[in-house]
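Asks: starting from these lines, generate the structure:
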Amino acid sequence: MKVRRLNKEAQLPTYAHEGDAGLDLYSIDDKIIKPGETILIHTGIQIELSKDTEAQSRPRSGLALKNSITVLNTPGTIDEGYRGEIGVILINHSNNDFRVEKGMKIAQMVIKPILRVNVVESSVMTSTERGEGGFGSTGLKGNSSK
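Replies: The predicted structure follows:
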């Protein structure tokens, strides 16, 4: 994956540990996120993905657990052809202001392969054990609250 710095303070995405799935993304902003507020945080980078891949921005578990800060559109999809700055939409679910500082790890980015499908209209679908059971339909057996 190619990465270009758009801002001199931008940090390249990094894996914190061997075997990690996600690359850490870093803020170039100093901002306060008020309780219930949603804000776009800039990373100061653009990326060029390999063919038939996408990048997904995902929350950092520590920010979510300790501060109730999460990525709003999880996972946020960054398409292969996008060449703009990578931004992360954060939301503050806590009752306290949260300070985002320059250089702070704000999210993680996972690179995934894309499977292309052919869409074919059909008037008949095969039967399955689940059938049309929707939300909550795979809960505990004997649970009458389906």
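Asks: quick one, phi psi at the closest residue to Ile28 other than its chain neighbours?
Replies: Among residues not flanking Ile28 along the chain, Gly44 sits closest, at 3.9 Å (Cβ to Cβ, 6 or more residues apart in numbering). (C-beta placed from N, C-alpha, C; glycine too.) In this entry, Gly44 is assigned phi and psi values of phi 70, psi 20 (degrees, to the nearest 10).
Asks: pull the number of nearby residues for Gly44.
Replies: For Gly44, the neighbour count with other Cβ atoms under 10 Å is 20.
Asks: can you give me the end-to-end span of stretch 33-47?
Replies: Taking Cα to Cα, to the nearest Å, stretch 33-47 runs 26 Å from one end to the other.
Asks: would you say Arg99 is within a strand?
Replies: Yes. Counting by DSSP: H, G, I helix; E, B strand; the rest coil, Arg99 is located in a strand.
Asks: check contacts around it.
Replies: For Arg99, the set of contacting residues under the criterion of Cβ atoms under 8 Å, 6 or more residues apart in numbering consists of 30-33.
Asks: longest strand in this protein, please.
Replies: Across the chain, the longest stretch assigned as strand under DSSP state E is strand 105-113.
Asks: now do the buried residues in it.
Replies: Going by neighbour count (16 or more other Cβ atoms under 10 Å), the buried part of strand 105-113 is 106-109, 111.
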